[in-house]
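Trainee: Predicted model and sequence below, questions to follow.
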Amino acid sequence: MAAGLTAVSPADGAVQHLRTRAQFQALLAHRPVARTAHFALHRLPVPAAGTPEAALFGAPAQAWLGAMVPKRWARRAVTRNAIRRQIYAVGADRLAALPGARLVRQHAVFSLAQFPSATSTALKGAVRAELLELLAREPS
């Protein structure tokens, strides 16, 4: 196990959240495997034992998910948190049985004219629909 990382024993079928900078960087080193208008999905296959990625992500049969919502694309903290919550909720539903690490990265702004409220149900619905589309586009 890498220095500074602690082992986490999740419940069976639970999706672990990316926590460290090294985990995020390992995923960002790979090209996105799927894109939508506002999101990109980076995936790291199940790492082989003995590789640096294996030390970062622990057990090979675990599902890992990270959310990257930069201030550049969502200025208000309440909007960033709402989008991040949607990413983790959709990911928990869809990715629990799929091993490997994934990172959902926002790469475009949601129109303030179309979604003036930071936590509107319309914004949450649009984000959720686009995330479902993104995960459906992920190659097997």
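Mentor: Alright, I've got the coordinates. Numbering: from 1, shown residues only.

Trainee: only C-alpha atoms for contact and neighbour calcs from this point on.
Mentor: Noted.

Trainee: Partner strands of the helix or strand harbouring residue 40, with direction?
Mentor: Residue 40 is part of strand 39-44, with elements assigned from DSSP states H and E. Strand 39-44 has the following sheet partners, assigned by DSSP bridges: strand 32-35 (antiparallel), strand 100-106 (antiparallel).

Trainee: to the chain's geometric centre, what's the distance from the longest one?
Mentor: It stands for strand 100-106. Distance of strand 100-106 from the chain centroid (C-alpha atoms, centre = their mean, to the nearest Å) equals 3 Å.

Trainee: Likewise for the first one?
Mentor: Relative to its parent chain, strand 32-35 has a centroid offset of 12 Å by C-alpha atoms, centre = their mean.

Trainee: taking the mean pLDDT, what do you get for it?
Mentor: Taken as a whole, strand 32-35 carries a mean pLDDT of 97.

Trainee: Which elements pack onto the worst-scoring helix or strand of the chain on mean pLDDT?
Mentor: Using mean pLDDT, DSSP states H and E, the weakest-scoring helix or strand in the chain turns out to be helix 52-57, at a mean of 80. Counting contacts by 3 or more C-alpha pairs under 8 Å, 6 or more residues apart in numbering; DSSP states H and E, helix 52-57 is packed against helix 21-28.
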